[in-house]
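A.B. asks: Build me a structure from this.
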Amino acid sequence: MSQKVIELRHKVCDYTCMWNGIEDLYQTKLGEDIPDYFFFCLSGIGKFVYLKFSSGNMRRMTSWNDGRTKKMYASICNIVGFKYKHIEGRKFEYVMKRAKEQIDNERPVVLGCLDMYYLSYYPKFYYKEHIPIHYILMVGYDDEEQCAYVYDCGIEEVQKIKYAILEKALNIEKTSLSDKNSICLIEFDDEIKGIREIAIKGFYEKANEMLNPKVGFCGIPGMRKLSKEILNWKDELAVEEYETALRNIVMFTGTVPILPNRLLMIEEKYEIEHQAARREYAALLMKLGEKYGFQEWKVAGDLFKKSGVIIQEMTDLIVEYLLKEGKELNRLPYMINQIADLEEKAYHRILEGIKNEA
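C.D. replies: Residues are numbered from 1 along each chain as shown. Alright, predicted model coming up:
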């Protein structure tokens, strides 16, 4: 076969590229649209980790979400009901052959990581900025035109990418996310689970993981540990190490991990929000709570919304310090504890909502 394109129910939702293709496949099989950020909130959004290292460029590291694609897939694949297999580090011709075989069998394929530098439908980045952390869903191909048909999380229409361009985009340096020429084969279970069932099981496990993590530097206990130790960083680290650790906090409160324009000395109106995606988390919980009658989830959503505001204030405080516009960070422990208090209450509300439905 030299040409084939699969039609799907495509969801447009920015900043969800690693989940967008899988959500498209799920909602197409389900026959109805699913809420924004659904799989992302069940897996990576809202997770927390605080790491300390004795050496290296990053001796203190915090993350307010988990964006590690393979870890996220592993965390909810059984809950959602799909299997996945990554093929990476091979020749471009080989992975395209495998991708086209899957499409011939009505199975679109996730491509990535790939570099947005080569995507002409994103003029903000096209031949301007290398961002090798993007994913797209390949739904078709045309060997005569030498192009692939893809869906992207930020654009409604199907896009065409020449094989030669796609080969450049997939030829990235190996990272913790993926190697070059990486594709992911997805297969859903024969019986598709409903949104409500997935939400209940997924948020039950997420809440318990955050409230009672296996190690004390994760989840809510990890936040409280950070609040106790963060003011000690200045004495424990060299100046450059300290500022690097603070920049890391700021970066990973972004809806996508990026530093604010102010810190990058960029004069641009468009700005990524630095609330660690708590606004999106809150909106999903409120929507699910309204649809399925989980009143406690609506309360939890409001708590996450408040938490996001404080995360933004915390980020702004650190940015002012790094820009020498503010002289102290003494409020940080209190702010981090506020975040922990709100999110601890939110997760208890989630569990109460599930218990009331049992």
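A.B. asks: Quick one: mean pLDDT for the helix or strand in which residue 221 is found?
C.D. replies: If you go by DSSP states H and E, residue 221 is part of helix 219-229. Looking at helix 219-229 alone, the average pLDDT works out to 98.
A.B. asks: go on, stretch 67-80?
C.D. replies: Here the mean pLDDT over stretch 67-80 is 97, rounded to a whole number.
A.B. asks: Now do the strands in the chain.
C.D. replies: Along the chain, the segments classed as strands by DSSP state E run 3-5, 45-52, 60-65, 82-87, 109-114, 134-142, 147-152, 155-162, 183-188.
A.B. asks: highest average neighbour count across the ones you listed?
C.D. replies: A comparison of these by mean neighbour count, using mean count of other C-beta atoms under 10 Å, puts strand 109-114 on top with a mean of 25. Every C-beta, even on glycine, is put in place using the N, C-alpha and C of the backbone.
A.B. asks: Quickly run through the sheet partners of it, with directions.
C.D. replies: strand 134-142 (antiparallel), strand 183-188 (antiparallel) (DSSP bridges).
A.B. asks: The longest one vs strand 155-162, what angle?
C.D. replies: For strand 134-142 against strand 155-162, the angle by axes from the mean of the first three to the mean of the last three C-alpha atoms, to 10 degrees is 60 degrees.
A.B. asks: quick one: contacts of strand 134-142?
C.D. replies: 2-8, 17-18, 20-21, 24-25, 69, 96, 99-100, 103, 108-116, 119, 147-153, 158, 160, 183 (C-beta atoms under 8 Å, 6 or more residues apart in numbering).
A.B. asks: Quick check: residue 318 vs residue 49, distance?
C.D. replies: Residue 318 sits 18 Å away from residue 49 when distances are taken as C-beta to C-beta, to the nearest Å.
A.B. asks: try residue 200
C.D. replies: Summarising the geometry, the distance separating residue 200 from residue 49, computed by C-beta to C-beta, is 25 Å.
A.B. asks: cool, residue 201 as well?
C.D. replies: Where residue 49 is concerned, residue 201 sits at a distance of 23 Å (C-beta to C-beta).
A.B. asks: Residue 128 too?
C.D. replies: From residue 128 across to residue 49, the span is 32 Å (C-beta to C-beta).
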